[in-house]
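Undergrad: Compute the structure for the input listed below.
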Amino acid sequence: MVTDAFGLPQGFWAVMTAILVTQANVGASLAFAMQRLGGSLLGVLVGGAVAVALADAHELRFAGLAVTVLVLAFFAAQRPALRIACVTAAIVILGDPSVSTPVASAINRMLEVSIGSVIAIATTLFVFPSRAGSAYAQHVSRSIAPLFQLLDRTLDAALGTAHLSTDEAAAFGERIRKGFASGNALAKEARLEVAGHIADSPDPESIQRALRRLWHTEIMLLRAVQQPLPSLAVELLSPDITALKTGLDSLAVQLAGNGGHYTPPDLSDVEVALAEIEHKLEHMRASGQFRAMTMDEVIRLMAFDFALGQLRLNLRDMADRSAELDALAGTTLPFLRPFTHMWHQLASKIA
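TA: Residues are numbered from 1 along each chain as shown. Model (predicted):
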């Protein structure tokens, strides 16, 4: 109907664009629409210029098409977002001159792509109003589990109660890296929603940074416990490391949120356990107990102590990000916020 109102002869291109641009959330749709529009504009400009230049030399049209596609494919290889430019340029160059002139064909293609993109974004906004901010918060909740599972296994390896094999550590690492890649994509989409004034959530980069720092600290711990800690240290630290594992289990549940709501977690149990470990290691050093160990054992024990110090800072940073994560989870479209507030009031009265 929209394309008919504009008198566009091939409105199916708008339909195809709308289908392609419609993504899982508003931010993703915006990103895809920008890529589609940018690639289409490049294809229209280049294809239109070639079509006009060869308007009186139809025998050279296919040679011009080959050169055009080759050049645009080179740029698309550098920036995949521009790959649609090749298709658009080919459509414009191969257009039937009896139907419309090359310039008119180029303008029509651009209008059809623009209409399709606008309809796709409107559909994502009003029909399926999923937002990247809330999707990112849910992703973080899922990403917490493997990080803390690996941390738990690493502390078991430190005590010698379990062996963390290279293959198991690699599997954890692959799962965590894939989580970071997905998180980066969702964070980018959330920032696009903010830039487009569709949401006013905080920048998720600080949360991504906190997760990456936690992962890097776990790598340090893994290197320190490739072998169990010295037997003297295990005997002395075992109760506190066990208490630390219990506190981390509780902390993981708190950081993962409750029904999409995130509140600052209680770090007291973890802080107490870490302080006890630090105090006992300092006492071992001051009392000369390190002299009974090999140099390798002392180095690994000091690396373990340093990594736990970094872990304390990382966990505090993660706790400080709870308010930002809660804001991302509760992101609402600014123009829908009054209606959301009215709905919450009505729901509370009914309850």
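Undergrad: Let me know whether D249 touches L151 as I believe.
TA: No: with contact defined as Cβ atoms under 8 Å, D249 and L151 do not form a contacting pair (9.8 Å). All C-beta atoms are positioned from the backbone trio N, CA, C, and that covers glycine.
Undergrad: OK, contacts around Q254?
TA: Applying Cβ atoms under 8 Å, 6 or more residues apart in numbering to Q254 gives the contacts T263, P265, D266.
Undergrad: Identify the residues contacting the second one.
TA: Listed by Cβ under 8 Å, 6+ apart, the contact set of P265 reads L251, Q254, L255, A319, S322.
Undergrad: From L65, how far out is it?
TA: According to Cβ to Cβ, to the nearest Å, P265 and L65 sit 61 Å apart.
Undergrad: Which SSE is immediately downstream of the helix or strand encompassing P239?
TA: According to DSSP states H and E, P239 maps onto helix 231-255. Tracing the chain C-terminally past helix 231-255 and defining elements by DSSP H and E, one meets helix 268-286 next.
Undergrad: Flag every buried residue along the very next helix or strand once past that following helix.
TA: Using DSSP H and E, the helix or strand that directly follows helix 268-286 along the chain is helix 295-320. Neighbour counts over helix 295-320 (16 or more other Cβ atoms under 10 Å) mark 297-298, 300-301, 304-305, 307-308, 310-312, 314-315, 317-319 as buried.
Undergrad: Run the angle between the helix or strand just after helix 295-320 and helix 295-320 for me.
TA: Heading C-terminal from helix 295-320, the first helix or strand you meet, by DSSP H and E, is helix 322-329. Helix 322-329 and helix 295-320 are oriented at 50 degrees to each other (axes from the mean of the first three to the mean of the last three Cα atoms, to 10 degrees).
Undergrad: Send me helix 322-329 as PDB with only the CA atoms.
TA: Once non-C-alpha atoms are left out, helix 322-329 reads as follows in PDB (Å, rounded to 0.1, in the frame of the first residue of the first chain):
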ATOM      1  CA  SER A 322      24.300  -3.700  39.600                       C
ATOM      2  CA  ALA A 323      22.500  -0.400  39.200                       C
ATOM      3  CA  GLU A 324      23.500   0.000  35.600                       C
ATOM      4  CA  LEU A 325      22.500  -3.600  34.900                       C
ATOM      5  CA  ASP A 326      19.100  -3.000  36.500                       C
ATOM      6  CA  ALA A 327      18.700   0.200  34.400                       C
ATOM      7  CA  LEU A 328      19.400  -1.800  31.200                       C
ATOM      8  CA  ALA A 329      17.000  -4.500  32.200                       C
END
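Undergrad: buried residues in it?
TA: Quick answer for helix 322-329 (16+ other Cβ under 10 Å): S322, E324, L325, D326, A327, L328, A329.
Undergrad: do stretch 171-185 as well
TA: Along stretch 171-185, these residues count as buried under the neighbour rule (16+ other Cβ under 10 Å): F172, G173, I176, G179, G183, A185.
Undergrad: For these, give me JSON lines that also has pLDDT and secondary structure.
TA: What follows is these, written out as JSON lines (pLDDT from 0 to 100; DSSP: H, G, I helix; E, B strand; the rest coil):
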{"residue": "F172", "pLDDT": "92", "secondary structure": "helix"}
{"residue": "G173", "pLDDT": "91", "secondary structure": "helix"}
{"residue": "I176", "pLDDT": "93", "secondary structure": "helix"}
{"residue": "G179", "pLDDT": "91", "secondary structure": "helix"}
{"residue": "G183", "pLDDT": "88", "secondary structure": "helix"}
{"residue": "A185", "pLDDT": "83", "secondary structure": "helix"}
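Undergrad: Compile the residues you listed into CSV and extend it with columns for distance to D203.
TA: Formatted as CSV, these follow (distance: Cβ to Cβ, whole Å):
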residue, distance to D203
F172, 28
G173, 27
I176, 22
G179, 19
G183, 13
A185, 15
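Undergrad: State the distance from F75 to L45.
TA: Separation of F75 from L45 (Cβ to Cβ) stands at 13 Å.
Undergrad: in this protein, what spans have low per-residue confidence?
TA: Residue ranges of the chain with pLDDT under 70: 1-37, 80-82, 95-103, 105-106, 109, 113, 117, 120-131, 194-201, 331-351.
Undergrad: Spit out the contact partners of A85.
TA: G39, S40, L42, G43, V46, L72, F75, A76.
Undergrad: Just give me the neighbour total for M110.
TA: As a burial measure, M110 scores 19 neighbours (other Cβ atoms under 10 Å).
Undergrad: what's the helix or strand for it?
TA: Per DSSP H and E, M110 falls inside helix 102-126.
Undergrad: In the very next helix or strand once past that helix, which residues are buried?
TA: As assigned by DSSP H and E, the chain's next helix or strand after helix 102-126 is helix 132-159. Using 16+ other Cβ under 10 Å as the test for burial, helix 132-159 gives 132-141, 143-144, 146-148, 150-159.
Undergrad: Give the residue farthest from the middle of the chain.
TA: D56 (50.6 Å; Cα atoms, centre = their mean).
Undergrad: part of a strand, is it?
TA: No: counting by DSSP: H, G, I helix; E, B strand; the rest coil, D56 is not part of a strand but coil.
Undergrad: From I91, how far off is it?
TA: For D56, the distance to I91 (Cβ to Cβ) stands at 20 Å.
Undergrad: next one: G330
TA: Taken as Cβ to Cβ, the span from G330 to I91 is 44 Å.
Undergrad: quick one, which of these two is more surrounded?
TA: I91 (19 against 15).
Undergrad: Thank you kindly, that will do.
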